[in-house]
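Trainee: Using only what follows, build the 3D model:
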Amino acid sequence: EDSELISENMHMKLYMEGTVNDHHFKCTSEGEGKPYEGTQTMKIKVVEGGPLPFAFDILATSFMYGSKTFINHTQGIPDFFKQSFPEGFTWERITTYEDGGVLTATQDTSLQNGCLIYNVKINGVNFPSNGPVMQKKTLGWEASTEMLYPADSGLRGHSQMALKLVGGGYLHCSLKTTYRSKKPAKNLKMPGFYFVDRKLERIKEADKETYVEQHEMAVARYCDLP
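Mentor: Numbers count the residues shown, from 1 in each chain. Take a look at the predicted model:
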């Protein structure tokens, strides 16, 4: 059933609203991708509150690491996310940065007329004014791996990420996410403990990061070691 609803090529629209260190903003995005190949591209506009007084990179993960329909599930791993349609799913994520910044995101994914619709709320606090995020001294994310397992009738995800900095080095953060299907858990075939490898790249930016294009690849796998 899920495979009929989610086709080889899918379009998505996203609405994001939130605050970071009390600065209010809104973003919209349109994108497309190949859900079964795990590739997707998004074109994002800051429509209120731009240019942002913080690095766009801290929002980047809530657009696409949040776009969970686009993951290539290998080795027969049950796809919790594609199975959740037509109802969809939600997630909530706390990202804790090593310099004290905390970003909380909640997201709703639904399917309307064959298009994926994402609604995201963001709240960022405690980012140091002299730190790389508020000084906009970041250069994008390294690739990362999320580990996922069933918990609380949904999935729990944990990942560590490294944000590249101007002048070298990294700002590290830890992401903890809870994913919940809008379908009853008993109607889903649940995966075991598995990993998702991800690579998020910025392809283009313009007008002081008020327009950003980004691309992501994601592959789900079990541990490859014997």
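Trainee: Let me see the ranges of the helices in this protein.
Mentor: Taking DSSP state H as the criterion, the chain contains helices spanning 2-5, 57-64, 80-83.
Trainee: Would you convert those into JSON lines that also reports mean neighbour count?
Mentor: Where you see a C-beta, it was placed from the backbone N, CA and C, and this is true even at glycine. Formatted as JSON lines, these follow (neighbours: other Cβ atoms under 10 Å):
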{"stretch": "helix 2-5", "mean neighbour count": "13"}
{"stretch": "helix 57-64", "mean neighbour count": "24"}
{"stretch": "helix 80-83", "mean neighbour count": "22"}
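Trainee: and residue 202, how many neighbours?
Mentor: A count of nearby residues for residue 202, using other Cβ atoms under 10 Å, gives 17.
Trainee: Pipe the helices of the chain into a markdown table and attach distance to residue 134 per row.
Mentor: What follows is the helices of the chain, written out as a markdown table (distance: least, Cβ to Cβ, whole Å):
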| stretch | distance to residue 134 |
| --- | --- |
| helix 2-5 | 41 |
| helix 57-64 | 10 |
| helix 80-83 | 33 |
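Trainee: Which among those helices is found nearest to residue 139?
Mentor: For the helices of the chain, the distance to residue 139 is smallest for helix 57-64, at 8.0 Å, taking Cβ to Cβ.
Trainee: center of this structure - which residue?
Mentor: In the chain, the centroid-proximal residue (Cα atoms, centre = their mean) is residue 65; its distance is 2.1 Å.
Trainee: do you know how far that residue is from residue 173?
Mentor: Computed as Cβ to Cβ, to the nearest Å, the residue 65 to residue 173 distance reads 12 Å.
Trainee: ditto for residue 158
Mentor: Applying Cβ to Cβ, the value for residue 158 to residue 173 is 12 Å.
Trainee: out of these two, which sits in the busier spot?
Mentor: Set residue 158 next to residue 173 and count neighbours by other Cβ under 10 Å: residue 173 wins out with 23 against 13.
Trainee: list the contacts for that one?
Mentor: By Cβ atoms under 8 Å, 6 or more residues apart in numbering, residue 173 lies in contact with 95-98, 101, 160-161, 163.
Trainee: Please give the number of neighbouring residues around residue 179.
Mentor: Residue 179 has 24 neighbours, counted by other Cβ under 10 Å.
Trainee: what sits opposite it in the beta ladder?
Mentor: Beta bridges link residue 179 to residue 91, residue 155, judged by DSSP bridges.
Trainee: Can you verify my assumption that it contacts residue 88?
Mentor: No. Using Cβ atoms under 8 Å, residue 179 makes no contact with residue 88, being 11.2 Å away.
Trainee: So, low pLDDT: which residues of the chain?
Mentor: Applying pLDDT under 70 to the chain flags the ranges 1-3.
Trainee: Which parts of it are strands?
Mentor: All strands of the chain, identified by DSSP state E, fall at 10-20, 23-34, 39-48, 72-73, 89-97, 102-112, 115-125, 138-141, 144-151, 154-165, 170-181, 194-206, 211-221.
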